[in-house]
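Have a look at this prediction, sequence included:
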Amino acid sequence: MEFFRIRRDIPFMRHALVLNVISVITFLAAVFFIATRGLHLSIEFTGGTVIELQYPQAAPLEKVRAAVDALKFGEVQVQNFGTSRDVLIRLPVRGADRGDVKQSEVVGRVFDALCGAEGAKTSNVQTTTDKGESVSKVVCGQPGAEPVTLKRSEFVGPSVGSELARDGTYALLATVIGIMLYLAVRFEWKFSVAGIVANLHDVVIIVGFFAFFQWEFSLAVLAAVLAVLGYSVNESVVIFDRVREAFRKYRKMSSREVIDHAITSTISRTIITHGCTLMMVMSMYIFGGATLHYFALALMIGILFGIYSSVFVAAAIAMWLGVKREDLVRQGPKETDPDDPNAGAVV
């Protein structure tokens with residue numbers, strides 16, 4: 001399906017040098033911010049305590065933040081997730097007044113403070129589980145009319161966080177190596193190099209955005225980065241495939257003309273595919289709440305730069321590496337040029 005068809009090839013590669021200089025500057029700026037500012041890692045990587053609370057109405061975030069900050073547990077993150085009634089609190093492993101306090105005590109002190117901010121007191125009540133077991137539960141105020149409810153609490157240790165960071169790095173490297181092997185087998189090593197440079201360009205720029213603005217880098221963001229790697233290489237594969245087809249069909253075209261033709265012929269497909277994907281990701285960004293906020297943001301950045309890099313980075317690098325018809329099309333000994341008027345003549 002095509003929205004439109006462009007009859008004349010657009011000379012994209014004529015401006016490849018200027019646009020790739022811009023890409024290099026953007027890439028180096030991202031590397032600079034990553035090296036100097038670093039990433040604002042979430043507690044999945046650094047370790048800490050996560051507390052989920054629920055209010056009967058829209059949660060007063062400012063009141064919650066003030067009550068938790070008064071405990072001086074360090075840099076505390078307070079945000080909505082899911083609905084406006086749900087609150088997620090993240091506490092670092094160590095804080096000014098935390099010391100070696102156990103997680104259960106930290107959660108208890110936080111819940112006591114929030115319950116007191118609502119004008120109530122915490123108490124222990126006995127409840128029965130689905131299996132008939134009697135357990136003690138801490139509630140705020142009277143059961144059934146609680147101004148704030150403790151839904152969940154968990155602790156992530158620093159060793160677990162470092163293990164997640166290491167495994168995430170391994171996953172990123174495995175993805176990169178897999179993409180390189182796939183492109184080398186399906187096309188040619190020049191396309192493999194071009195495709196992986198373009199993909200790493202996208203990844204570094206996404207991480208650079210998170211370093212510059214100090215957005216929280218969590219496991220969800222890492223998942224978005226890995227998704228962008230696969231998504232971006234898909235666009236490169238489509239263009240490379242058209243390049244191979246054009247080399248077979250138009251034998252008198254130069255490599256630059258073939259690449260321009262391949263990119264021009266896929267513009268309609270690019271607009272349809274990426275437009276639909278962006279609409280979905282933007283809906284997650286707008287309506288997904290804090291849980292999907294940075295995940296969707298990383299995907300949006302990756303999709304936009306993925307389109308750019310597939311055209312002006314991957315295709316241009318393949319051109320400068322000297323990709324030609326002989327790299328992709330194997331000529332047989334009896335293959336003749338269909339444009340030759342004397343083709344097939346016998347003397």
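Looks like it arrived, so ask away. This one's a predicted model, so the numbers in the text were calculated from it and none came from an experiment.

Show me what the mean pLDDT comes to for stretch 305-313.
For stretch 305-313, mean pLDDT rounds to 86.

ugh, wrong one, I meant stretch 207-225
Across stretch 207-225, the average pLDDT comes to 89.

Helices along the chain, start to end?
16-37, 43-46, 61-69, 103-117, 158-186, 189-213, 219-249, 255-265, 267-287, 289-309, 315-320, 325-328 (DSSP state H).

Please render the ones you listed as a markdown table that adds mean neighbour count and distance to Ile10 to the earlier fields.
In this view, the C-beta of every residue, glycine as well, is placed from N, C-alpha and C. Output for the helices of the chain, formatted as a markdown table (neighbours: other C-beta atoms under 10 Å; distance: least, C-beta to C-beta, whole Å):
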| stretch | mean neighbour count | distance to Ile10 |
| --- | --- | --- |
| helix 16-37 | 14 | 12 |
| helix 43-46 | 20 | 44 |
| helix 61-69 | 16 | 49 |
| helix 103-117 | 18 | 59 |
| helix 158-186 | 14 | 24 |
| helix 189-213 | 22 | 19 |
| helix 219-249 | 20 | 13 |
| helix 255-265 | 21 | 5 |
| helix 267-287 | 14 | 8 |
| helix 289-309 | 21 | 15 |
| helix 315-320 | 23 | 12 |
| helix 325-328 | 16 | 21 |
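
Which one of the ones you listed lies nearest to Phe81?
helix 289-309 (4.6 Å; C-beta to C-beta).

Name the residues that touch the closest one?
With contact meaning C-beta atoms under 8 Å, 6 or more residues apart in numbering, helix 289-309 is reached by 23, 79-83, 88, 198-199, 201-203, 205-206, 209-210, 215-218, 220-221, 223-225, 227-228, 231-232, 235, 270, 274, 277-278, 281-282, 284-285, 288.

Stretch 32-46 now?
49-50, 90-93, 156, 158, 161-162, 164-165, 204, 207-208, 210-212, 214-219.

One more: stretch 151-158?
By C-beta under 8 Å, 6+ apart, stretch 151-158 touches 43-44, 46-54, 86, 93, 103, 107.

Leaving out chain neighbours, which residue sits closest to Thr277?
Ile303 (6.0 Å; C-beta to C-beta, 6 or more residues apart in numbering).

oh sorry, the question was meant for Tyr285
In space, Tyr285 is closest to Ala296, 3.7 Å off (C-beta to C-beta, 6+ apart).

Kindly report the same for Val207.
Ile34 (5.8 Å).

what's the answer for Phe187, then?
Per C-beta to C-beta, 6+ apart, closest to Phe187 is Phe240, 5.3 Å.

okay, the longest strand anywhere in the chain in CSV with CA atoms only?
In the chain, taking DSSP state E as the definition, the longest strand is strand 83-92. The C-alpha coordinates for strand 83-92 follow below in CSV (Å, rounded to 0.1, in the frame of the first residue of the first chain):
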residue,chain,number,x,y,z
THR,A,83,-4.0,6.1,38.3
SER,A,84,-4.0,9.4,40.1
ARG,A,85,-4.8,7.6,43.3
ASP,A,86,-1.7,5.3,43.2
VAL,A,87,1.6,6.6,44.5
LEU,A,88,5.1,5.1,44.0
ILE,A,89,7.8,6.0,46.4
ARG,A,90,11.5,5.1,45.8
LEU,A,91,14.0,5.4,48.6
PRO,A,92,17.8,5.1,48.1
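
residues contacting Gly48?
Contacts of Gly48 (C-beta under 8 Å, 6+ apart): Arg90, Leu91, Pro92, Val93, Phe155, Val156.

what about the first one, how many neighbours?
Think Arg90. For Arg90, the count of nearby residues is 20 (other C-beta atoms under 10 Å).

List the residues that contact it.
Ser42, Ile43, Gly48, Thr49, Val50, Ile51, Val76, Gln77.

ok, and the most crowded of the residues you listed?
Using other C-beta under 10 Å as the neighbour test, the contacts of Arg90 are led by Gly48, with 27 neighbours.

Need the pLDDT of that residue.
81.

quick one, domains of the chain?
The chain resolves into domains spanning 12-41+159-328, 48-156 when parsed by automatic domain parsing.
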